[in-house]
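Colleague: sharing a model that was predicted from the sequence below.
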Amino acid sequence: GGIYKFPPGFLAKDVQGGLGYESRVVTVRPEPGGAGSTLMGLLRSWNRIWIRLYNSNGATINGQIVPFRKPTNNLGQGLPDVTVDVQVINLGYDRDGRVDIRQPNPLPCNLLAQFGELSVGQI
């Protein structure tokens, strides 16, 4: 019904709430293309990848948690939204080369770009 009752004696200055759902983006297969060449069927690996996030807070990239907390952040307060290029190294080999970006928390996650270093192997 949209109403939450706090326990008796609960005191707070700022309370934030959100819906429990997970946002997810799975990228398409990288296919840089060239004169008469294709990557179809070949193993691919992102050696190094950067994900550009805008006014975001909390995310995982291929299961790796993006660290948003810094030593200067107070533990008793929420984290500010940041605009940042996040680097992830060694995402493993497969035939798709897709990247799975998730936001498991009810916080903003705005994906602007993905770029990096792609290795291609033989069948």
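Modeller: The structure has been received and is ready for your questions.
Colleague: retrieve the pLDDT associated with residue 43.
Modeller: pLDDT, residue 43: 83.
Colleague: that one against residue 92, yeah?
Modeller: No: using C-beta atoms under 8 Å, residue 43 is not in contact with residue 92, being 10.0 Å away. C-beta here means a position set from N, CA and C on the backbone, and glycine is covered the same way.
Colleague: and these two? which has more neighbours close in?
Modeller: residue 43 (16 against 10; other C-beta atoms under 10 Å).
Colleague: who does the lengthiest strand in the chain pair up with?
Modeller: Ranked by number of residues, the top strand in the chain under DSSP state E is strand 44-56. According to DSSP bridges, strand 44-56 forms sheet pairs with strand 82-89 (antiparallel), strand 93-94 (antiparallel), strand 110-120 (antiparallel).
Colleague: flag every buried residue along the longest one.
Modeller: This means strand 110-120. Residues of strand 110-120 classed as buried: 111, 114, 116 (neighbour count, 16 or more other C-beta atoms under 10 Å).
Colleague: redo these as CSV? Include distance to residue 31.
Modeller: Converted to CSV, the buried residues of strand 110-120 look like this (distance: C-beta to C-beta, whole Å):
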residue, distance to residue 31
111, 20
114, 14
116, 15
